[in-house]
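[1] mind folding the following:
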Amino acid sequence: MTLELRRLHADLVMCYKIVSNIVKLELKRFFAFNIFTTRGHTYKLYVSRASANVRRYFFAHRVVKPWNSLPGNAVDFSSLGQFRGSLHRIDFSSFLVVE
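    Down below sits the predicted model:
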């Protein structure tokens with residue numbers, strides 16, 4: 001795995017920990033759930049608008065698109081270990097910078 005892919009996996013794992021309340025961080029300070037979910041998993045997050053590049057590259061903004069793209073049938077949200085294992089079966093090439 002490339003460093004970029006490992007960082008994306010780490011971001012998604014941290015997002016899982018915040019959403020699942022495994023770490024002692026307030027969910028409201030980072031994310032808001034999207035109430036209009038029709039496809040995929042039920043833990044879709046609201047994409048906030050970023051007007052500055054500083055905000056655009058902040059963790060809570062950069063992880064939302066990959067998180068919302070997780071397929072509901074391929075990702076197991078039941079435990080952290082299951083979630084980590086299911087990340088390795090997903091193609092994240094559309095979120096990686098190609099050089």
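[2] alpha carbons only for contacts and neighbour counts from here, please
    Fine.
[3] can you give me the buried ones in stretch 77-89?
    By 16 or more other C-alpha atoms under 10 Å, the buried positions in stretch 77-89 come out as 77, 83-84, 87.
[4] which two of those have the greatest separation?
    77 and 87 (10.7 Å; C-alpha to C-alpha).
[5] give the contact list for the residue nearest the centre of the chain.
    Centroid-nearest residue in the chain: residue 67, 2.9 Å away (criterion: C-alpha atoms, centre = their mean). Residues near residue 67 by C-alpha atoms under 8 Å, 6 or more residues apart in numbering: 12, 15, 44-45.
[6] among the buried residues of stretch 77-89, which ones are in strands?
    Nothing among those maps onto strands, per DSSP state E.
[7] got TSV for these, with pLDDT and distance to residue 30 too?
    Written out in TSV, the entries for the buried residues of stretch 77-89 read as follows (pLDDT from 0 to 100; distance: C-alpha to C-alpha, whole Å):
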residue	pLDDT	distance to residue 30
77	82	19
83	90	20
84	91	21
87	91	22
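[8] out of these, who's nearest residue 55?
    residue 87 (25.7 Å).
[9] so what touches the lowest-mean-pLDDT helix or strand in the chain?
    In the chain, no helix or strand scores lower on mean pLDDT, DSSP states H and E than helix 53-56, which sits at a mean of 73. Helix 53-56 has contacts (C-alpha under 8 Å, 6+ apart) with 50, 61-62.
[10] buried subset of those residues?
    Applying 16+ other C-alpha under 10 Å to the contacts of helix 53-56 flags residue 61 as buried.
[11] show me where this protein has its helices.
    3-19, 27-30, 53-56, 59-62, 64-68, 80-87 (DSSP state H).
[12] next, format those helices as CSV and append distance to residue 36.
    Shown next, in CSV, are the helices of the chain (distance: least, C-alpha to C-alpha, whole Å):
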stretch, distance to residue 36
helix 3-19, 17
helix 27-30, 18
helix 53-56, 23
helix 59-62, 19
helix 64-68, 12
helix 80-87, 23
